[in-house]
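A.B. asks: Need the 3D shape of this:
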Amino acid sequence: EMGIPDPQLAPPYEEDFDAQFAKVIELKPAALSFVFGLPDQPHLKEARRNNILLVGTATSYEEAQALEAAGVDAITLQGIEAGGHRGVFGAEAKDPEIKALDLLRQCFEKIRIPLIAAGGIMTREQIRVALSTGAQAVQMGTAFLACREAGTSAPYRAALLSSPHRETKTTRVFSGRLARGIQNRFMREMESLDPEVILPFPAQNQFTRDLRTASTKRGSSDFLSLWAGTGYGDLWQGSCGDLILSLLEG
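C.D. replies: Numbers count the residues shown, from 1 in each chain. Have a look, this model is predicted:
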């Protein structure tokens, strides 16, 4: 249908993390955040030696405990409402599906490093609630997807703006790992098949890459991974800076 060759699958299916980490150390950013578990201790020690702040991602209290024990500086608590890939430690692990504020309440006063709330946060009031529940910061994604500076493609942007009530769900069909996005044709058709047809992460991501690229070129959102959280409402289409200022007012 899309007129593209069958994908040629061959390892490696993902980037070389050691090479990526070496570039991080070369650039020495103020902070390094990560998902999907814990880097090896040598990586963590090297980051600390270079005074790089480490921010891990947890979807459960147990994951937050593991991150704190490993010596990270802060933890993003990713609620089930969050768009994009779930930060669950195991690629095949069951998602605990805990809401952001519930996870924050579970970890507050038990985890003694700064907590960052993430998932479904779109408004000033939601930021205020997260901070009053124990978060020291919030992390927002979907709210920024239609900003002028966002790298969202035209069909992705159109899908985001088509309705203030975006229908999202978690799925493995695009990458082999659970991720939340707007429901579309690819998601529905793939999920009607035997789950065994979905390759393990990250092979499935490589398997679907050409299809996603072709869908973008065609201007269609049918085969795109339309990552978005559960937060609803009209999305800001001005600058990121102006959105941040509007969120900080009051």
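A.B. asks: Contact partners for residue 223?
C.D. replies: The contact partners of residue 223, taken as CB atoms under 8 Å, 6 or more residues apart in numbering, are 2, 184-186, 208, 211-212, 214-215. To be clear about C-beta, it is placed using only N, CA and C from the backbone, and glycine gets the same treatment.
A.B. asks: can you check residue 13 too?
C.D. replies: Counting by CB under 8 Å, 6+ apart, the residues that residue 13 touches are 202-203, 205-206.
A.B. asks: if we can go back for a sec, considering the contacts of residue 223, which is situated nearest to residue 226?
C.D. replies: Nearest to residue 226 among those, counting by CB to CB, is residue 184 at 6.0 Å.
A.B. asks: I figured the closest one hits residue 226, correct?
C.D. replies: Yes - Residue 184 is in contact with residue 226 according to CB atoms under 8 Å; the separation is 6.0 Å.
A.B. asks: For these two, indicate the residue with more neighbours.
C.D. replies: Neighbours were tallied for residue 184 and for residue 226 using other CB atoms under 10 Å; the higher tally belongs to residue 226 (25 against 19).
A.B. asks: wait, doesn't that one sit right on residue 162?
C.D. replies: No - in this structure, residue 226 is not within contact of residue 162 by CB under 8 Å, at 10.4 Å.
A.B. asks: hang on, the earlier thing: give me the subset of the contacts of residue 223 lying in helices.
C.D. replies: Members of the contacts of residue 223 lying in helices (criterion: DSSP state H): 185-186, 208, 211-212, 214-215.
A.B. asks: Now the buried members of these.
C.D. replies: 186, 208, 211-212, 215 (16 or more other CB atoms under 10 Å).
A.B. asks: quick one: which two of those are the most distant?
C.D. replies: 208 and 215 (9.8 Å).
A.B. asks: and the gap between the closest residue to residue 150 other than its chain neighbours and residue 153?
C.D. replies: Among residues not flanking residue 150 along the chain, residue 144 sits closest, at 6.0 Å (CB to CB, 6 or more residues apart in numbering). According to CB to CB, to the nearest Å, residue 144 and residue 153 sit 15 Å apart.
A.B. asks: quick one on the thing from earlier: and the ones in helices among the contacts of residue 223, which is closest to residue 53?
C.D. replies: residue 212 (32.7 Å).
A.B. asks: And the helices in this structure?
C.D. replies: Under DSSP H, the chain gives helices at 17-27, 41-49, 61-70, 100-107, 124-132, 154-161, 185-191, 203-218, 240-248.
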